[in-house]
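Novice: Here's a sequence, model it:
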Amino acid sequence: MPSAEDARLRALRPPKSVIDPWRPIDTLVERELLPDGRIADSWTIFLAGRECPFTCVFCDLWRYTTDARTPKGAIPHQIRLALESLGSRHSRPSEPATGGRILKLYNASNFFDAGSVPAEDDLEIARSVADFDKVVVESHPKLLGRRCEELSHRLHGELEVAMGFETAHPEAFRRLNKGAGLDDLKRAADTLGNAGIGLRAFLLLGVPFVPPGQEREWLKKSVSFALDCGATTVWLIPVRAGSEELGRLQAKGEFNPLSLDRIEDGFMACRELAPGAVRLDTWDLDGFADDPHGEDRERLDLLRRLQMTLEPAPDGGSLLGAGAGGA
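Specialist: Below you'll find the predicted structure:
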């Protein structure tokens, strides 16, 4: 049942575009550095489906969802279309991937929400992705259970669950309106660990409600918390400004839109803490630069290159000054 806060946040949203539940939103092919230093081929399918039942303050992914339940058979159909498209236009790199093939099934919601991904489709989904060594799906900590374990048994490869850890700052986490607490994350992580299912954690860079002078300290504490919970990789997700609620929080001084400097600073501080585990989500990274095609180009390129190496950054861990200008 939606809370009063859920209703308030949803009332601020503009109308969203019509989404076809029989076609994927998008696809992506990249290479991913594994914690042991190997490189994997990584394919991502952004699936269309019903909106997430949770209403996080920072989230803008609801724009890519439907209001109605996802029809039975739609998700396997999307996966088949996406894999056919990816296979036809993905040229094999000259250097083979020593870490196998990863498929990420991301759906702007929760894989284990039956309204977003019908449970009746799980067997067909597992058959469709049998060629991959690892399959990654996203889930809210409160939606993990028997279905997750059953999917793990059905897959040819390993199952890994990505969960939004966001921040270990207790008050900030509570105010993000995730419908969960830090204890729920720990319990969900234990459930995955006991079932032999992998965990990757998503943390927010530029999380609202954390005082600016404490941002780096809490980011490092959050990385440590996620690793202590058993996450093998921790992905830092820069918060994208622009939503009505984040604009309201900015006016109140409770949200400070990110700059490229702050992204660099947070990323490098966390890489120093756990170089083999911390990754930066570089999707749409250009949007945080003042001049992405000019003075900031070198800095953006260096951040992306650092995703593919465990070597220390230039100048003992700082990128500032690596390129001309600042953000």
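Novice: Report how many residues lie close to Arg297.
Specialist: Counted with other C-beta atoms under 10 Å, the neighbours of Arg297 add up to 16. Glycine gets a C-beta too; all of them are placed from N, C-alpha and C.
Novice: How about Gly157?
Specialist: Gly157 has 18 nearby residues by other C-beta under 10 Å.
Novice: tell me the centre residue of the chain?
Specialist: Using C-alpha atoms, centre = their mean, the residue of the chain that lies closest to the mean C-alpha position is Phe202, 5.3 Å off.
Novice: Helix, strand, or coil at the nearest residue to that residue once chain neighbours are set aside?
Specialist: Ranked by C-beta to C-beta, 6 or more residues apart in numbering and with sequence neighbours excluded, the top spatial neighbour of Phe202 is Gly164, at 4.8 Å. Recorded secondary structure, Gly164: strand (DSSP: H, G, I helix; E, B strand; the rest coil).
Novice: ok, now how distant is Gly164 from Gly87?
Specialist: 30 Å (C-beta to C-beta, to the nearest Å).
Novice: higher neighbour count, the two?
Specialist: Taking other C-beta under 10 Å, Gly164 and Gly87 do not tie; Gly164 has more neighbours (24 against 11).
Novice: shouldn't that one be in contact with Ala180?
Specialist: No. With contacts counted by C-beta atoms under 8 Å, Gly164 stays clear of Ala180, the gap being 9.1 Å.
Novice: shared neighbours of those two, anything?
Specialist: Residues touching both Gly164 and Ala180 (C-beta atoms under 8 Å, 6 or more residues apart in numbering) are His140.
Novice: quick revisit: you'd agree the residue nearest to the centre of the chain is up against Phe165?
Specialist: Yes. Counting by C-beta under 8 Å, Phe165 is a contact partner of Phe202 at 6.3 Å.
Novice: Tell me how many other residues crowd Gly276.
Specialist: Using other C-beta under 10 Å, Gly276 is surrounded by 13 other residues.
Novice: can you tell me which residues contact it?
Specialist: With contact set as C-beta under 8 Å, 6+ apart, Gly276 has these partners: 35-37, 310.
Novice: ok, now with 7 Å
Specialist: Contact partners of Gly276, counting by C-beta atoms under 7 Å, 6 or more residues apart in numbering, are 35, 310.
Novice: next one: phi and psi at it?
Specialist: With angles defined as degrees, to the nearest 10, Gly276 sits at phi -80, psi -10.
Novice: for this structure, what are the low-confidence residue spans?
Specialist: Along the chain, the parts satisfying pLDDT under 70 run over 88-96, 312-327.
Novice: buried residues in the lengthiest helix in it?
Specialist: Longest helix in the chain, counting residues (DSSP state H): helix 74-89. Neighbour-count burial for helix 74-89, counted by 16 or more other C-beta atoms under 10 Å, picks out 74-79, 82-83, 86.
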